[in-house]
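> With the input below, show me the fold.
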Amino acid sequence: MTERKRKIVNDPVYGFITIDHPLILNLISHPYYQRLRRIHQMALAHLVYPGAMHTRFHHSMGAYHLISMALQELRSKGTNITHEEEVAAKMAILLHDVGHGPYSHALENGIIEGVSHEEISQWLMEALNKEWNGALTLTLDIFNNRYHKKFLHQLVSSQLDVDRMDYLNRDSFYTGVAEGTIGYDRIIKMLIVHNGELMVEEKGIYSIEKFIIARRLMYWQVYLHKTVLSAENMLVKILARAKMLAQQGKKLFCSPALEYFLYNTITRNNFECGPDCLALFCQLDDYDIMGAIKVWTTHEDKVLSLLCKWLIDRNLFKVVLSNQPFDGSAEQIFKEQVRQHWDIEDKDLDFFVFSGTATLRAYNVNDEKINILFKDGTVKDISSIDNALISHTLAIPVKKFYICHPKIQANNVL
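Presented below is the predicted three-dimensional model:
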C-alpha cells in the first residue's frame, strides 16, 4: 500500500477531485487503470469535434467524483452506507470501463470475436481481486448486482447512473455541444433511497427529463453523427482487412500485442483459460492501432493501404442516411463506381460500400426504470407521469439506416 493518504486531482469539468483511501490510490496507480489514459473516451469523434480528445481515465475519474457526491447526499438523508460499502462502490465505478479496448467498439467488431468490453472488465476485476487477496470481493458483488443494497449497483449501472451523468457532461464540455449539458449537481441532490432502491424526489422530475433529452441530443448530434459513424466504420473495416491478411500469413507491421490478436483467432475461451491473453489485451491501446494504421498506408495490399490512407488523411466515406431500409440497388450502384474508379475486385467491394443501422432509445421502459418518489409516498416511473415529455416521445426507439461509400470525385488521384 502507498504511504500517501490523500491526493487531489484538478479536473476541468468539476474542479478538484479528492482521493483519500489507500486502496483507491493503489487501484488508480495500477497498470490496468493507467492504461485508460491511452484510450480515447470518444474514439474517432475528434475527427468531427476536434476538442474531443479526453480519455477513459478522465471519464472514470469524473464518475468517481459524482458517486462520491451521491453517496454523501444519500447518507445525509439517513441512508445507512458503511465505510466498506462506500469504498467498494467507488472502486466499482472506477473499474466500470477498465475492459475497453482501443477505440472501444471498433475492436470488439474487428479483431476479437464475441467478447464484450463488459466481460473483459469482469475478468480484469477478478484478476485484481485475486492479486489483492479478495479486497475487491464487495466491489464485484456491487458491480454484478449481487449485493443486497440494490441502490449501490444502480448508482454504478442503471438508466440514471453516474457513468451516464459524467459522460454526457464531459463529452458536452469537450465537444462544445451545449445540448448535452445536464444539471448533474441538482440530480444528485434529488436522489433518495426508498425501499432499498434508488429514486428521485418529486421536485427533480424536470431535471431528469432534461437529462434524458440531453442524452438523445448527444447521441444524434455527436455519438451517431454521420461522419463519426463513417470514421468508426472505416476503422472496423481496416481491422477486419488486417485480420484477414494476417490469417492468410501476410506480413503486417504491428506491436507484439496487436500481432497476437491479429494472427490468432481470439475468443472467450482464450481469455478464460489463459492469463497471457488478458495480459496482452492490457498492452493494447489506441497507440498500437493508430501506429499500425500509419504504417499500413504503404502496405502492398491495395484495400488495406487505401482505407488506411483515407482514414489518416481524414478523407472519410460519405454517409447516406434514410428513415427506411435501402434496397440492394443503391449499394450495387456505389460498388460499381468503386470497382471502376479504383479497380477493386468484386470480392473486396464490401470493404468500401456497406450499409448499417443506428438505433437509439433515449429511455427504455423495459429496462431499469427511473422511479420518482412523490411526497405522498407513491412511486411512479418517469415515463408514466401525467404530462411527462418522456412518455410521448423519448421512450420510442428511433432507427436510422445508412450506406457508407468513398467520395468518388474527391479521390481521382489514382
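> give me the element the nearest residue to residue 178 once chain neighbours are set aside is part of.
In space, and not counting its chain neighbours, residue 178 is closest to residue 172: 6.7 Å by Cβ to Cβ, 6 or more residues apart in numbering. Glycine gets a C-beta too; all of them are placed from N, C-alpha and C. If you go by DSSP states H and E, residue 172 is part of helix 162-175.
> ok, and for that helix, which residues are buried?
Judged by neighbour count using 16 or more other Cβ atoms under 10 Å, the buried positions of helix 162-175 are 162-175.
> and it, how far from the chain's centre?
With Cα atoms, centre = their mean, to the nearest Å as the basis, the distance from the averaged C-alpha position of helix 162-175 to the chain average is 11 Å.
> And for stretch 364-374?
Remark: stretch 364-374 is offset 23 Å from the chain centroid, using Cα atoms, centre = their mean.
> follow-up on the earlier one: reformat the buried residues of helix 162-175 as a markdown table; add distance to residue 375 and pLDDT.
Rendered in a markdown table, the data for those read as follows (distance: Cβ to Cβ, whole Å; pLDDT from 0 to 100):
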| residue | distance to residue 375 | pLDDT |
| --- | --- | --- |
| 162 | 26 | 98 |
| 163 | 29 | 97 |
| 164 | 26 | 96 |
| 165 | 25 | 97 |
| 166 | 30 | 98 |
| 167 | 32 | 97 |
| 168 | 28 | 96 |
| 169 | 29 | 97 |
| 170 | 33 | 98 |
| 171 | 34 | 97 |
| 172 | 32 | 97 |
| 173 | 34 | 97 |
| 174 | 38 | 98 |
| 175 | 38 | 97 |
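> Just put those residues in JSON lines and tack on distance to residue 87.
Shown next, in JSON lines, are the buried residues of helix 162-175 (distance: Cβ to Cβ, whole Å):
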{"residue": "162", "distance to residue 87": "16"}
{"residue": "163", "distance to residue 87": "18"}
{"residue": "164", "distance to residue 87": "22"}
{"residue": "165", "distance to residue 87": "20"}
{"residue": "166", "distance to residue 87": "19"}
{"residue": "167", "distance to residue 87": "23"}
{"residue": "168", "distance to residue 87": "26"}
{"residue": "169", "distance to residue 87": "24"}
{"residue": "170", "distance to residue 87": "24"}
{"residue": "171", "distance to residue 87": "28"}
{"residue": "172", "distance to residue 87": "30"}
{"residue": "173", "distance to residue 87": "28"}
{"residue": "174", "distance to residue 87": "29"}
{"residue": "175", "distance to residue 87": "33"}
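> Name the nearest of those relative to residue 51.
The closest of these to residue 51 turns out to be residue 174 (Cβ to Cβ; 4.9 Å).
> Can you name the residues that contact that closest one?
Contacts here follow Cβ atoms under 8 Å, 6 or more residues apart in numbering; on that basis residue 174 touches 42, 49, 51-54.
> for residue 280, what are its contacts?
Contact partners of residue 280, counting by Cβ under 8 Å, 6+ apart, are 256-257, 260-261.
> Now it: which helix or strand?
Residue 280 is located in helix 275-281, with elements delineated by DSSP H and E.
> buried ones in the next helix or strand after that helix?
If you walk from helix 275-281 toward the C-terminus, the next helix or strand you reach (DSSP H and E) is helix 286-296. Within helix 286-296, the residues that qualify as buried by neighbour count (16+ other Cβ under 10 Å) are 286, 288-290, 292-293, 296.
> Just put those in JSON lines and tack on pLDDT and distance to residue 351.
Conversion of the buried residues of helix 286-296 to JSON lines gives the following (pLDDT from 0 to 100; distance: Cβ to Cβ, whole Å):
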{"residue": "286", "pLDDT": "96", "distance to residue 351": "22"}
{"residue": "288", "pLDDT": "96", "distance to residue 351": "21"}
{"residue": "289", "pLDDT": "96", "distance to residue 351": "17"}
{"residue": "290", "pLDDT": "97", "distance to residue 351": "19"}
{"residue": "292", "pLDDT": "98", "distance to residue 351": "17"}
{"residue": "293", "pLDDT": "98", "distance to residue 351": "14"}
{"residue": "296", "pLDDT": "98", "distance to residue 351": "13"}
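> Can you show me the helices along the stretch 1-150 of the chain?
Under the criterion DSSP state H, counting those that start in this stretch, helices of the stretch 1-150 of the chain are mapped to 22-29, 31-34, 56-76, 83-94, 105-110, 117-131, 137-143, 150-156.
> which one of the ones you listed has the most crowded surroundings?
Burial of the helices of the stretch 1-150 of the chain is given as mean neighbour count (mean count of other Cβ atoms under 10 Å); helix 150-156 ranks first at a mean of 23.
> By mean pLDDT, which helix or strand of the protein comes out lowest?
The least trusted helix or strand in the chain, going by mean pLDDT, DSSP states H and E, turns out to be helix 389, with a mean of 66.
> downstream neighbour of it in the secondary structure list?
With DSSP H and E setting the assignment, the helix or strand that follows helix 389 is strand 398-405.
> Now do that next one, average pLDDT.
Strand 398-405 carries an average pLDDT of 94.
> What strands flank that strand, and is each parallel or antiparallel?
Partner strands and pairing direction for strand 398-405 (DSSP bridges) are strand 318-322 (antiparallel), strand 354-360 (antiparallel).
> okay, the shortest one in CSV with CA atoms only?
The C-alpha trace of strand 318-322 is given here as CSV (Å, rounded to 0.1, in the frame of the first residue of the first chain):
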residue,chain,number,x,y,z
LYS,A,318,-19.7,9.6,-47.4
VAL,A,319,-22.8,8.5,-45.4
VAL,A,320,-26.2,8.5,-46.9
LEU,A,321,-29.0,8.4,-44.2
SER,A,322,-32.5,7.3,-44.6
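> Can you name the next helix or strand after it?
helix 328-342.
> Please enumerate residues in contact with that next one?
When contacts are taken as Cβ under 8 Å, 6+ apart, the neighbours of helix 328-342 outside the stretch itself are 302, 306, 320, 344-346, 349, 352-355, 403, 405-406, 408, 411-412, 414.
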